[in-house]
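>>> the sequence and its predicted three-dimensional model are supplied below.
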Amino acid sequence: MKTQVLVLGAGYTGMMAALGVARRTRDAQVTLVNPTDRFAERLRSHQVAAGQTLGDYRIPALVAGTGVRFVQGRATRIDTSRRRVLVADVELPYDILVYAIGSYTPPVEHAFTISDPGLPEFLRHATGTFTVCGAGLTGIEAATEIAEAYPHLHVRLVSQGEPGAMMGPAARAHMHKAFDRLGIEVRTGVSVAKVLPDAIDLGGGELLPTDGTLWTTGVAYAPLAASAGISTDEAGRIVVDQALRSVSHPSVYAVGDAGAIRQSYGVIHGTCQSGIPMAAHAAQSIVRQVRGKQPRPFRFGYWHQPVSLGRKDAVIQFTYPDDTPRRWYLKAKAAIRYKEAVSSSPLKFYRMSVPLPARMLGMTGGRRNKLPS
Ligand SMILES: Cc1cc2nc3c(=O)[nH]c(=O)nc-3n(C[C@H](O)[C@H](O)[C@H](O)COP(=O)(O)OP(=O)(O)OC[C@H]3O[C@@H](n4cnc5c(N)ncnc54)[C@H](O)[C@@H]3O)c2cc1C
C-alpha cells in the first residue's frame, strides 16, 4: 500500500512539496488540490494589476509525468480523526497532509485588493488619482508598477509607517528617487479610518479625494485548519514543530504562508524565500517518514528583500538571517536582473527532474541536527 500524501494548495509551496515527494519516492501517492488549474504567480500580482500578461502555466502540465495526481477544487473541511478532506463533494483520504493554502488580503469595501480580477480592467480606463493604501513591499511594488504603466494617473501611496521601513537607508533613498521620478505622492503617518467610493477617510473629518483605491495592508489566513481543531496561532496559521509538523496533529505538515514556524529570531513571515525551502524540507521529511525514518528540524535565515520599482528599476536589500538590513544592496539594472531571477526561479525548480534539497534553497542547515525529543 502506498502512503497517501495529500497536498492542499498548488501555489509556490504546495507545488514544491508535491513534486519534492513524487520525485523522491514511488512509495507515496501524491494528490495535489487547487481551486484553479492555472498556476498563480503571486510574486507577479502587481504586474498583472498593471495590465501585463503573464505566462499561462497550467498545473496539470507542470506535474505531468511525475506521478502527482491533480484534483481541481477547494478544500472545505478537514476531518482529522478519519484523515479525510472534503473537496467539492468528494472526500480525499490522507496518511500525511500538507497544508499549503497560503494567505490572502481581506477585502475592504470600495477598494481593490492586489489579486482582484477587476483591477487591471479598472486601471485601463482610470483617470485622476489612484490611491494605494499600505507601503509594505506589495504597496511599493504596486504603486511603482501602476505609476509607470499609467503615467497620466496621479498615484498616491498612503501609509502609517515609512515606506520600505525594513530596508537600510541607501536602499530606501533609491526607492524614494524612483517615487519622485514616477511622480508618486507619498503620505506617511496616516491612518485610514475608512475607504469611501470617492475618498479616503482619515478620521477627524479629513478626506483625501480618490478615483480608485488599492488596499494592500494586512494578510489573513483561511479558517480551514482552525475549524478542524488543528492548533493555530491567533492569525490562523498552523503552529508547527521544528520539523514543520502540526504540534497538535503530527500527520499534518504546514508550509509557506499558512504555517507558523518559530526560529531563534521569531516566527518566519510569509515569503517565497522562506516558503520554498520549507516545502522542500517538508518533502524530504515526508520521504524520510515513508521510509520509517525521523524527520529533521528546519532552520532558516533570510538573505534578501527584492523589490521591483516598475519594469525599469528595482532595489534589492541584502539582509541578516533575521531579515534586518545589511549594508549591501543592489539598484537599477543589476537589481532588475536579480528580481527577475527571483520571480522566475520557482517555475524553473518545478521543471527540474531532480528535486533540489532544501539546504540548496535557503540557509536551512540542520542536516545533522536531531529533533529535540
Ligand atoms: C505583489 C507581491 C510580491 C511579492 N514578492 C515577493 C518576493 O519578491 N519574494 C518573496 O519571497 N515573496 C514575495 N511575495 C510573497 C509570496 O508571494 C508569498 O509568500 C507566497 O506566494 C506564499 O506561497 P504559498 O504557497 O504559501 O501561497 P500561495 O502562493 O498563495 O498559494 C496558495 C495556493 O493555495 C490555493 N488555495 C487556497 N485555499 C485553498 C483551499 N481551501 N483548498 C485548496 N487550495 C487552496 C490558492 O488558490 C493558491 O493556489 C510577494 C507577494 C505579493 C502579493
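Arrived safely, thanks for sending.

>>> who in the stretch 251-373 of the chain is up against the ligand?
For the stretch 251-373 of the chain, the contact set with the ligand under Cβ under 6 Å from any ligand atom comprises 256-258, 270-273, 275, 306, 342. (Each C-beta comes from the backbone N, C-alpha and C, glycine too.)

>>> quick check: the residue of this structure nearest the ligand.
When scored by Cβ to the nearest ligand atom, the chain has residue 11 as its residue closest to the ligand, at 1.7 Å.

>>> does that residue touch residue 100 like I think?
Yes: with contacts counted by Cβ atoms under 8 Å, residue 11 reaches residue 100, the gap being 6.5 Å.

>>> the more surrounded of the two?
The neighbour count for residue 11 versus residue 100, taken as other Cβ atoms under 10 Å, is higher for residue 100 (31 against 24).

>>> check contacts around that one.
7-11, 13-14, 17, 254-256, 258, 279 (Cβ atoms under 8 Å, 6 or more residues apart in numbering).

>>> which of these are buried? Put it as a ChimeraX command.
Burial among the contacts of residue 100 is assessed by 16 or more other Cβ atoms under 10 Å; the matching ChimeraX selection reads:
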select :7,8,9,10,11,13,14,17,254,255,256,258,279
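
>>> which two in the contacts of residue 100 are spaced the farthest apart?
Using Cβ to Cβ, the two most remote members of these are 10 and 254, lying 15.4 Å apart.

>>> just the residues of the stretch 251-373 of the chain next to the ligand: which are in helices?
Among these, the members falling in helices (DSSP state H) are 272-273, 275, 342.

>>> out of those residues, who's nearest residue 148?
For those, the nearest to residue 148 is residue 342 (19.2 Å; Cβ to Cβ).

>>> tell me the pLDDT at residue 292?
Looking at residue 292, its pLDDT stands at 95.

>>> what secondary structure does it sit in?
What DSSP: H, G, I helix; E, B strand; the rest coil gives for residue 292 is coil.

>>> I'd like the ones in helices among the residues of the stretch 251-373 of the chain next to the ligand laid out as a markdown table, including neighbour count and pLDDT.
Below are those laid out as a markdown table (neighbours: other Cβ atoms under 10 Å; pLDDT from 0 to 100):
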| residue | neighbour count | pLDDT |
| --- | --- | --- |
| 272 | 21 | 95 |
| 273 | 20 | 94 |
| 275 | 27 | 96 |
| 342 | 17 | 95 |
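
>>> let me know the closest of those residues to residue 152.
Closest approach to residue 152 among these (Cβ to Cβ): residue 342, at 30.4 Å.

>>> which residues touch the closest one?
Counting by Cβ under 8 Å, 6+ apart, residue 342 has contacts 43, 272-273, 304, 306.
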